[in-house]
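> Okay, sequence plus prediction incoming.
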Amino acid sequence: MEIPPKSPDGSEKSPQSKELITSHTGSTLCMSSRSESMWTSASRSKWDIYHKPVIVVSVGAAVFLFGIVITSLSYFLPENKDVYKMCGPAFLSLGLMLLVCGLVWVPIIRKKQKQRQKSQFLQSLKSFF
């Protein structure tokens with residue numbers, strides 16, 4: 001790997017820096033930002049909007065039920081009783097936390113959707129007048 005010679009005054013730039021300057025990273029970054037989707041009028045399906053909270057609620061419910069099973073095993077199986085008593089409540093609390101987070105996420109998304117609709121309505125009014 002050969003390093004290109006630099007001029008003494010530092011005015012000459014390396015090919016890598018020229019490539020970075022001339023590339024269109026700034027424009028592609030703005031185009032791929034999340035805020036752009038707010039201004040597009042393409043409607044999204046319910047699954048596209050709510051798939052993340054549904055997945056979090058499902059995983060939380062599964063972990064919560066697994067915690068119930070592990071905790072109940074400590075009462076029915078005499079061997080490894082201490083392990084079940086330690087792991088069961090941990091899974092219960094983790095599952096409950098995920099379940100509540102997913103359930104709280106849904107009203108937040110609904111509120112954002114209403115704000116987005118109001119914003120689009122106001123933008124259409126501005127363009128009309």
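That came through fine.

> hey, where'd the helices end up in the protein?
Under the criterion DSSP state H, the chain carries helices at the ranges 15-22, 25-31, 36-39, 46-76, 81-128.

> Can I get these in JSON lines including mean neighbour count and mean pLDDT?
The C-beta positions use only the backbone N, C-alpha and C, and glycine is treated the same way. Converted to JSON lines, the helices of the chain look like this (neighbours: other Cβ atoms under 10 Å; pLDDT from 0 to 100):
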{"stretch": "helix 15-22", "mean neighbour count": "9", "mean pLDDT": "53"}
{"stretch": "helix 25-31", "mean neighbour count": "9", "mean pLDDT": "50"}
{"stretch": "helix 36-39", "mean neighbour count": "11", "mean pLDDT": "48"}
{"stretch": "helix 46-76", "mean neighbour count": "15", "mean pLDDT": "93"}
{"stretch": "helix 81-128", "mean neighbour count": "13", "mean pLDDT": "89"}
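
> Would you quantify the distance from Pro78 to Cys87?
For Pro78, the distance to Cys87 (Cβ to Cβ, to the nearest Å) stands at 16 Å.

> Could you do Ser72 as well?
12 Å.

> what's the answer for Arg116, then?
In this view, Arg116 and Cys87 are 43 Å apart by Cβ to Cβ.

> same deal with His51?
To Cys87, His51 is 30 Å away according to Cβ to Cβ.

> Next up, the contacts around the residue nearest to Phe66 when sequence neighbours are not counted.
Spatial nearest neighbour of Phe66, excluding adjacent residues (Cβ to Cβ, 6 or more residues apart in numbering): Phe91 at 5.3 Å. Contacts for Phe91 (Cβ atoms under 8 Å, 6 or more residues apart in numbering) come out as Val63, Phe64, Phe66, Gly67, Ile70, Thr71.

> export these to TSV and tack on distance to Ser127?
Listed next are these as TSV, based on distance: Cβ to Cβ, whole Å:
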residue	distance to Ser127
Val63	48
Phe64	49
Phe66	53
Gly67	54
Ile70	59
Thr71	59
